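Visitor: have a look at this prediction, sequence included:
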Amino acid sequence: MNELTIVRRNSGAYIDSRDVAVFIGKDHRNLLRDIRGYCEILNKSNELRFELINFFVESSYIDSRGRRKLCYLLTKQGCELCANKLSGAKGVLFTAAYVAKFNEMEAAEREAAIKAYAKPRLSEFNSAVKNVLSGMSQALIAPDDVMKFLSGVYNPLGIKVSEDGHTPCYYTVTDIAQVNGIYSESGRPHSHAVSAIISKLNIHESQMVVVPYGLVGVTFRYDIDVMCAVGDWITKNGYPSEVPHLNFDYHIYYKRDKAGLIRDGFFINLYDDDDFDDADLDGYTAEELDAMCGKFGDCDDCPGFLACCEMD
């Protein structure tokens, strides 16, 4: 007797009819016959207007001989309908098994939803911090006390706080846009598009640092792994021309000849002879240089082992 497994399909949760057949010790062909019979009865019930998808979803699989075969995905109600036709120990055990599986899944989803709702969003912290920093600025609070406040807010979240605007080995969204050749229609590094991309990535708190911005704000900087992850994302997504975020689409214009790297807080264009010098590569690993070159693939005219080829 095999254990039942929940199958997720789109927004639904199901149990495969093949697993049900094995569990109850019934030939799959016979179970398919029974399910088709249930579907015919439900379809004929004009007054009650049952929706079949609330019970069974037709699906298929490839058998060991490479043939496509019919199967059904059973919802919780579909399992209940099948269980009601079983008698004795088989019916009891099947009912106990599918109820336990669906309840376990539903409990996990509720717990995840509660945690997600209870955990304040980073934007909420930032908004509150901005208001407090505004008051601290008007009250002429000492910079050391401002830093203590920021550390008290962000450190419990696992986010480091930098004491000044110069944060070695961490990069702004503008830096990341320049390095990867991500620009807006106006010809400027598209920091908003990069922020939208970062929001889609699984970025850990340890990969970012908070830096005070002006008198009443903070900004985030990210480590080299995030720089690389942004380049990987645009590559895997085929260099999308726009990145949706919330209710807005950010349009991107990729500029291969504007990709480069960041050295001591300054952007260096790898394709400008006046701007680039071989010494600028000193101290970077191959992985870092590959991450900071735009992720445009390999080509012969790259400086050193950097990646950068013409976009189609």
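Guide: Looks like it arrived, so ask away.
Visitor: the residue nearest to Asp16 when sequence neighbours are not counted: which element?
Guide: Nearest residue to Asp16, sequence neighbours excluded (Cβ to Cβ, 6 or more residues apart in numbering): Val7, at 5.7 Å. (C-beta placed from N, C-alpha, C; glycine too.) According to DSSP states H and E, Val7 maps onto strand 6-9.
Visitor: contact partners of that strand?
Guide: With contacts defined as Cβ atoms under 8 Å, 6 or more residues apart in numbering, strand 6-9 is touched by 13-16, 57, 59, 73, 101-102, 105.
Visitor: can you give me the helices in the stretch 1-150 of the chain?
Guide: 17-24, 28-44, 76-83, 88-118, 122-138, 143-154 (DSSP state H, counting those that start in this stretch).
Visitor: and those helices, which one averages the lowest pLDDT?
Guide: Sorting the helices of the stretch 1-150 of the chain by mean pLDDT places helix 122-138 lowest, at a mean of 70.
Visitor: returning to that earlier point: run me through the strand neighbours of the strand holding Val7, direction for each.
Guide: strand 12-16 (antiparallel) (DSSP bridges).
Visitor: in the strand it pairs with, what counts as buried?
Guide: Across strand 12-16, burial judged by 16 or more other Cβ atoms under 10 Å covers 13-16.
Visitor: now what about that strand, what contacts it?
Guide: Counting contacts by Cβ under 8 Å, 6+ apart, the residues outside strand 12-16 that touch it are 4-8, 57, 59, 71-76, 78-79, 98, 101-102, 105.
Visitor: about what we covered before: tabulate the contacts of strand 6-9 in CSV, adding columns for distance to Thr219.
Guide: Formatted as CSV, those follow (distance: Cβ to Cβ, whole Å):
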residue, distance to Thr219
Ala13, 41
Tyr14, 46
Ile15, 49
Asp16, 49
Val57, 48
Ser59, 49
Leu73, 48
Lys101, 46
Phe102, 45
Met105, 40
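Visitor: among these, which one lies nearest to His192?
Guide: Set against His192, the nearest of the contacts of strand 6-9 by Cβ to Cβ is Ala13 (36.7 Å).
Visitor: distance of the closest one relative to Phe50?
Guide: Using Cβ to Cβ, to the nearest Å, Ala13 is found at 19 Å from Phe50.
Visitor: circling back to that earlier point, turn the buried residues of strand 12-16 into a markdown table, including pLDDT.
Guide: Listed next are these as a markdown table, based on pLDDT from 0 to 100:
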| residue | pLDDT |
| --- | --- |
| Ala13 | 92 |
| Tyr14 | 94 |
| Ile15 | 95 |
| Asp16 | 95 |
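Visitor: now, which of those sits nearest Cys39?
Guide: For the buried residues of strand 12-16, the nearest to Cys39 is Tyr14 (15.0 Å; Cβ to Cβ).
Visitor: quick check: which of the helices of the stretch 1-150 of the chain is nearest to Gly238?
Guide: Gly238 sits nearest to helix 122-138 of all the helices of the stretch 1-150 of the chain, at 28.8 Å, using Cβ to Cβ.
Visitor: pLDDT weak spots in the stretch 151-300 of the chain?
Guide: Applying pLDDT under 70 to the stretch 151-300 of the chain flags the ranges 154, 156-169, 211-218, 256-300.
Visitor: okay then, goodbye and thanks.
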